[in-house]
Structure formats: structure tokens, C-alpha cells
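> here you go, sequence then predicted model.
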Amino acid sequence: MRKTVLSLAVAVFMLASLVNLHAASLAGVTLPDTAQVGGTTLVLNGLGLRTKFMVKVYVAGLYLEQRSSDPNAILKTDAPKRIVMQFVHGASKSQITGAFDDSFNDNAPDARKTMKADIDRLLGALEPVKDGDQMVFTYVPGTGTTLAINGAEKVTIVGPAFEQVLFSVWLGPKPPSADLKKGMLGQ
């Protein structure tokens, strides 16, 4: 009897450990440790929290083929990658487009001019969000960067240059917050 109870306790502990290995949580948001992009399995590199005026806005998770804490290497690598933004506070379309526009100006001012049409396509595809909504930006070499909102694809922009500009919003020299960037880099 004692052996059975001990075996059952070990099995329950191992099962609980497995559950913890397959998800990461921050600010009440849980994201899976892996994501399938095409035929590639990406791993969760890290989670960061975006706050504005002490209000929690979203949790962002960065998925890569291999974990990395080097933002420049991540931006320059032409490999599948994904950013998941899980909103914990609602935002209007103008608030979201304004935040992205500011980030493009801060992190890729030259691209703001040379890639204006692509940036405008992305900004035009954004929608207002509420608590629980999710935006996913997925880059696949040869295909481009796709924005999906709550599982519905909104726009795909071709080419690696746009992916670098977009991902610099979070990983560039002036991210929305230093803590958000550090979290996404797993630091």
C-alpha cells in the first residue's frame, strides 16, 4: 500500500512538472513554450510586460528557433520567428497605430521613409483590442511577415527587410520599455 501511494505521488509530481514545462506565465497571461510555424518548432525565448502610465497593456512573447539574448542577432537572422501580444487592457485603433508609428520612428526612422507603403499596410490592418485579444506577428523566410488578430490573418508583407523593421519595435534601441525588451530576450 505504501509503495502504491509513493508511486502515485511521484506520478502526480511528474505530471505537474510537465504542465509547468509547457507554459510560461506573466501578469496572468500564459503562453505555450513552443509554437509551430510552418514545419518548424519555435521555442519561447521570453515574456515581457508592456505598461503605460502604470497600466498593464499587454504581455509579449518572442518565439525563435533557438533561444538568444542578442537582439541584433535575432533581428539579422533570416529564420522563422514570432511575437505574440496578449492584451490585458483594451486599446483603440488610434492608440495602437500611434504606438506602432512612434516605435517605427524611434527604432527605424530611415525605414519609415523607404518602407512607407508596407508600414501603412500594417497600420491599416490593425484593429481595436480588448482584454484577452491577441495579435500575432509571424515571419517565415520566403513568405514574409503575417499579422493575425484573434486567429484571423489580416495582412502579409513580403520580404525580410520588413520583418527586421517590425521586430525592431520590441528589440531595437528604443523599445516601448526596457523591461519588456529584457523579458522578451529572456533576461
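Yes, it's here.
> run through the protein and note the low-pLDDT ranges.
Where the chain drops to pLDDT under 70, the residues are 1-22.
> spell out which helix or strand contains the residue at minimal distance from the centre of the chain, please.
Residue closest to the mean C-alpha point of the chain, counted by C-alpha atoms, centre = their mean, is residue 83 at 2.1 Å. Using DSSP states H and E, residue 83 maps to strand 81-87.
> how about residue 89?
Residue 89 belongs to no helix or strand, assigned by DSSP H and E.
> quick check: residue 118 touching residue 157?
Yes: counting by C-beta atoms under 8 Å, residue 118 touches residue 157, with 4.9 Å between them. For the C-beta atoms, the positions are set from N, CA and C on the backbone; glycine is no exception.
> may I see the buried residues of the longest strand that the chain contains?
Using DSSP state E, we find that the single longest strand of the chain is strand 40-52. By 16 or more other C-beta atoms under 10 Å, the buried positions in strand 40-52 come out as 42, 44-51.
> for that strand, what is the distance to the chain centroid?
Counting by C-alpha atoms, centre = their mean, to the nearest Å, strand 40-52 is centred 5 Å from the centre of its parent chain.
> who does residue 42 bridge with?
For residue 42, the residues forming beta bridges with it (DSSP bridges) are residue 35.
> OK, contacts around it?
34-36, 63-65, 80-82 (C-beta atoms under 8 Å, 6 or more residues apart in numbering).
> for the next helix or strand after the strand holding residue 83, packing partners?
Downstream of strand 81-87, the first helix or strand assigned by DSSP H and E is helix 93-107. Applying 3 or more C-beta pairs under 8 Å, 6 or more residues apart in numbering; DSSP states H and E, we find helix 93-107 packed against helix 109-114, helix 116-125, helix 160-171.
> pull the CA atoms of helix 93-107 into PDB?
The C-alpha trace of helix 93-107 is given here as PDB (Å, rounded to 0.1, in the frame of the first residue of the first chain):
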ATOM      1  CA  LYS A  93      -7.100  51.500 -33.100                       C
ATOM      2  CA  SER A  94      -5.700  55.000 -32.900                       C
ATOM      3  CA  GLN A  95      -3.800  54.200 -29.700                       C
ATOM      4  CA  ILE A  96      -2.400  51.000 -31.300                       C
ATOM      5  CA  THR A  97      -1.400  52.700 -34.600                       C
ATOM      6  CA  GLY A  98       0.100  55.600 -32.700                       C
ATOM      7  CA  ALA A  99       2.200  53.400 -30.600                       C
ATOM      8  CA  PHE A 100       3.500  51.400 -33.600                       C
ATOM      9  CA  ASP A 101       4.100  54.600 -35.600                       C
ATOM     10  CA  ASP A 102       6.100  56.100 -32.600                       C
ATOM     11  CA  SER A 103       8.100  52.800 -32.400                       C
ATOM     12  CA  PHE A 104       8.900  52.800 -36.100                       C
ATOM     13  CA  ASN A 105      10.100  56.400 -35.800                       C
ATOM     14  CA  ASP A 106      12.200  55.600 -32.700                       C
ATOM     15  CA  ASN A 107      13.800  52.300 -34.000                       C
END
